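Enquirer: Please work out how this folds:
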Amino acid sequence: MTANEQMRPRAFRLDEATIELQADAFEARAMAPEEVAIEAAQKQGVMARKGFSWGLLFWSSLGALLGLSFVVWLIGVIEAFFARSAALGWIGLALMICVCAALAVFVWREIAGLMRQREIAAMHMAFARARADDDGAAARALTNDLSKLYAARPNAANARAALSELSREIIDGRDLIDIAERQFMAPLDERAMREIAGAARRVSTITAMSPRAVLDIIFVGAQAVRLIRRMAEIYGGRPGMIGMLRLARSVGGHLVLTGGMAAGETLAQQLLGDGLMAKVSTKVAEGMANGALTTRIGLSAMAVCRPMPFVIRKTPGVRDVAPFLFGGK
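Expert: Model (predicted):
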């Protein structure tokens, strides 16, 4: 082969599927494993979109049928009231209007809470991608959305002002996102960690003194639900009943993906390795393990509810939030 033949330009056919696979591989390399787990957990819970299924058709049809039956029964009751007395009928009609108005508000709050939680989850994913791509335009748009999310919070006024001023000077997308995390997330993270530590302390104390295992399960479950709701509220979410179910599913998915369901046994083994388990009774050891598991649930809820990924701030661990479980203060 001559030198001219080696230098001669050649054309190559690029397969579109190959390009897409390479792009996906690059994106997977750019995203941290923790962010991949959070995104997968959100798609299982808060961001889940269900298509047609016979189960969905059955339950929706059954719900509509029961609702229609209730309306027919309610109309019959109002008619019976009018048949007995006009005044009684008007009172019944007014009460029915109040019930319908309260139901409409309840449904609206459920929808609004679910949409707000979906917005926060989508914002988290968008922040992770914008930082991985160093996308300045996306970073500015997302930081503006973050400022709007906390627009009603007076304690975030300084953070909004500082970010608005710095966004005119900073071009690099990563730097802008890092500043937004430092300004907005730092105080919220501290509140979240205090909530998790308080729940872990309550669980470890109560379950250590509880005489029945079933009471332990009920108390730990109630604290976990309360903790998930508090994490959502701290970071801007307002989950209703349906929103809480989806959020709990996201937290459960995150626990499974990160190996957190075995957190109780793992942490108990760590405590045993530290020589603490040998010095306490079995009941106290169970309380410490339940407290550690509650902490892990809170940390997963914190990761799922946070509108930004952990970058500048270190992702907290169980020892960071609840050192008292390991003999610290």
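
Enquirer: What about the residue nearest to Glu110 when sequence neighbours are not counted, how many residues nearby?
Expert: Nearest-residue entry for Glu110: Gly240, 4.0 Å, with adjacent residues in sequence omitted and distances by CB to CB, 6 or more residues apart in numbering. All C-beta atoms are positioned from the backbone trio N, CA, C, and that covers glycine. For Gly240, the count of nearby residues is 18 (other CB atoms under 10 Å).

Enquirer: And for Gly63?
Expert: Residue neighbour count, defined by other CB under 10 Å, stands at 10 for Gly63.

Enquirer: Hmm, the residue nearest to Glu110 is touching Gly113, no?
Expert: Yes: judged on CB atoms under 8 Å, Gly240 makes contact with Gly113 at a distance of 4.1 Å.

Enquirer: so where's this structure uncertain?
Expert: Within the chain, the set of residues satisfying pLDDT under 70 comprises 1-32, 50-52, 170-171, 259-281, 283, 327-329.

Enquirer: what's the single longest helix in it?
Expert: Scanning the chain for the longest helix, with DSSP state H as the assignment, gives helix 86-133.

Enquirer: now it, how far from the centre of its chain.
Expert: Relative to the centre of its chain, helix 86-133 is centred 18 Å away, using CA atoms, centre = their mean, to the nearest Å.

Enquirer: other SSEs contacting that helix?
Expert: Counting contacts by 3 or more CB pairs under 8 Å, 6 or more residues apart in numbering; DSSP states H and E, helix 86-133 packs against helix 16-30, helix 33-44, helix 54-84, helix 136-149, helix 173-180, helix 241-257.

Enquirer: how far away is the residue nearest to Ala137 when sequence neighbours are not counted from Ile312?
Expert: Beyond its immediate neighbours in the sequence, the residue positioned closest to Ala137 (CB to CB, 6+ apart) is Gly173, lying 7.7 Å away. Note on Gly173: its distance to Ile312, by CB to CB, to the nearest Å, is 14 Å.
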